[in-house]
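[1] the sequence and its predicted three-dimensional model are supplied below.
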Amino acid sequence: MAPQDRPVLLLALLPTVGLCLGALSLVYFAQGRISSRVGPLLASERAPRLWLRLAFMLAALTLAAIVVHREDLPGGLALFTLLVGVVLLAKSPLAQDADVGERGVRRGWSAREYAHIEEWRLTGEHLRWRVRGEWQACRVPLELHAALRARLQAACAQRESPFRA
């Protein structure tokens, strides 16, 4: 690469790192809103992230190898962009992630206080709740069911599903 092409790389990397930092700020803001709606966690389920981690590690190793072998690249900025991307990936919830807290529930990016779910049922090993017509679920240890049922009945007893397992 010719030395005059270096500014072009900077013009490509600077917006990229800016967008990644902006996205990371939004993720932290969203996580704060989610935490305030859900409250302290009682139960949590995480989607498997193995393939996602492997794909990102492969991309990271490829970028690191390119930066190491090309001295004309702005390596520090490229590696910083990669680091921000890794943190963004680690902090972003997946659609299958679910939480049950003292004040509400979360599935993926969507969190609701108990008072704002459409319907719920606590059967078997799961709390199931409906939001926008779609049922979601999270495994809750049986020893927490009595206290969780009391919370749900206090917040929205009329929305307990008539279905019984």
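    Great, that's in hand. Residues are numbered from 1 along each chain as shown.

[2] helices and strands around the lowest-mean-pLDDT helix or strand in the chain, which ones?
    In the chain, the helix or strand scored least confidently by mean pLDDT, DSSP states H and E is helix 50-69, which has a mean of 74. Applying 3 or more CB pairs under 8 Å, 6 or more residues apart in numbering; DSSP states H and E, we find helix 50-69 packed against helix 75-91. The way it works is simple: take the backbone N, C-alpha and C, and place the C-beta from them, glycine included.

[3] need the contact partners of the helix it packs on.
    Outside helix 75-91, the residues within contact range by CB atoms under 8 Å, 6 or more residues apart in numbering are 10, 13-14, 16-17, 20-21, 23-24, 27-28, 31, 52, 56, 60, 63-64, 66-68.

[4] ok, residue 62 - how many residues close by?
    If you count neighbours by other CB atoms under 10 Å, residue 62 ends up with 10.

[5] actually residue 117, sorry about that
    Using other CB under 10 Å: residue 117 sits among 20 other residues.

[6] repeat that for residue 47.
    Neighbours around residue 47, by other CB under 10 Å: 12.

[7] what of residue 98?
    23.

[8] same deal with residue 99?
    With other CB under 10 Å as criterion, residue 99 counts 22.

[9] phi, psi of it?
    Main-chain torsions, residue 99, degrees, to the nearest 10: phi -140, psi 150.

[10] quick one: it and residue 155, what's the gap?
    16 Å (CB to CB, to the nearest Å).

[11] likewise residue 134?
    The gap separating residue 134 from residue 155 is 20 Å, by CB to CB.

[12] of these two, who's got more company?
    Between residue 134 and residue 155, residue 155 has the larger neighbour count (other CB under 10 Å), namely 16 against 10.

[13] which positions in the strand or helix carrying that one come out as buried?
    Here residue 155 is covered by helix 145-156, with elements defined by DSSP states H and E. For helix 145-156, a neighbour-count test (16 or more other CB atoms under 10 Å) marks 148, 151-152, 155-156 as buried.

[14] same check on stretch 15-22?
    17, 20.

[15] got the contact list for that stretch?
    In contact with stretch 15-22 (CB under 8 Å, 6+ apart) are residues 77, 80-81, 84-85, 88.

[16] circling back: quick check: the farthest pair among the buried residues of helix 145-156?
    Using CB to CB, the two most remote members of the buried residues of helix 145-156 are 148 and 156, lying 12.6 Å apart.

[17] thinking residue 95 is in contact with residue 108, fair?
    Yes: Residue 95 lies in contact with residue 108 (CB atoms under 8 Å); the separation is 4.1 Å.
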